[in-house]
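Visitor: need coordinates for the below:
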Amino acid sequence: MHRLALCVWLVAATALANVAFARDNGQYDHVPPDIRAWFKSVIAPNGVPCCDISDGHRTEYDVRNGAYWVPIEGQWIEVPGRAIIRDQGNPIGQAVVWYVHHRGSIIISCFVPADAV
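Guide: All right, here's what the predicted structure looks like:
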């Protein structure tokens, strides 16, 4: 029971952190409206919005033993299954990862592979 409560809290904290740190101060004005709309509409499998264009990071990725891995700030991190989104398309043709820093760790909230449909 405690493990479930911790997981629920962590997902909620991650969602709040994503919303709290979303920043679009005009630096993305060059992005076409359809791409901006896609970034804003992506929803994680658990129903939490991935956030906004300012939170999504284009990334390369690797597949190791059936799991996705992405480089974040100089280290390769395994993408948790709960974060993988394959059914919302990918209009940019590059993988995108959304993550936050939480108590010294990097938490991946969403990941869309380059070939998502």
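Visitor: what about the strands in this protein?
Guide: 56-59, 62-64, 67-72, 75-78, 95-102, 105-112 (DSSP state E).
Visitor: helices or strands up against the second one?
Guide: It stands for strand 62-64. Secondary-structure packing of strand 62-64 (3 or more C-beta pairs under 8 Å, 6 or more residues apart in numbering; DSSP states H and E): strand 67-72. Yep, even glycine has a C-beta here, placed from its N, CA and C like the rest.
Visitor: can you pull the buried residues of the strand it packs on?
Guide: Across strand 67-72, burial judged by 16 or more other C-beta atoms under 10 Å covers 68, 70, 72.
Visitor: distance to Val112 and pLDDT added to those residues, as CSV?
Guide: Converted to CSV, the buried residues of strand 67-72 look like this (distance: C-beta to C-beta, whole Å; pLDDT from 0 to 100):
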residue, distance to Val112, pLDDT
Tyr68, 10, 97
Val70, 11, 98
Ile72, 15, 96
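Visitor: distance to Ile43 added to the residues you listed, as CSV?
Guide: Formatted as CSV, these follow (distance: C-beta to C-beta, whole Å):
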residue, distance to Ile43
Tyr68, 18
Val70, 19
Ile72, 21
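Visitor: in TSV: the strands of the chain, plus distance to Ile85.
Guide: Below are the strands of the chain laid out as TSV (distance: least, C-beta to C-beta, whole Å):
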stretch	distance to Ile85
strand 56-59	11
strand 62-64	16
strand 67-72	11
strand 75-78	16
strand 95-102	9
strand 105-112	5
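Visitor: looking at the protein, which helix or strand does the model trust least?
Guide: Counting by mean pLDDT, DSSP states H and E, the chain has its least confident helix or strand at helix 2-21, which shows a mean of 38.
Visitor: give me the below-cutoff pLDDT ranges for the protein.
Guide: 1-29, 52-54, 117 (pLDDT under 70).
Visitor: mind running it again at 50?
Guide: 1-22, 27 (pLDDT under 50).
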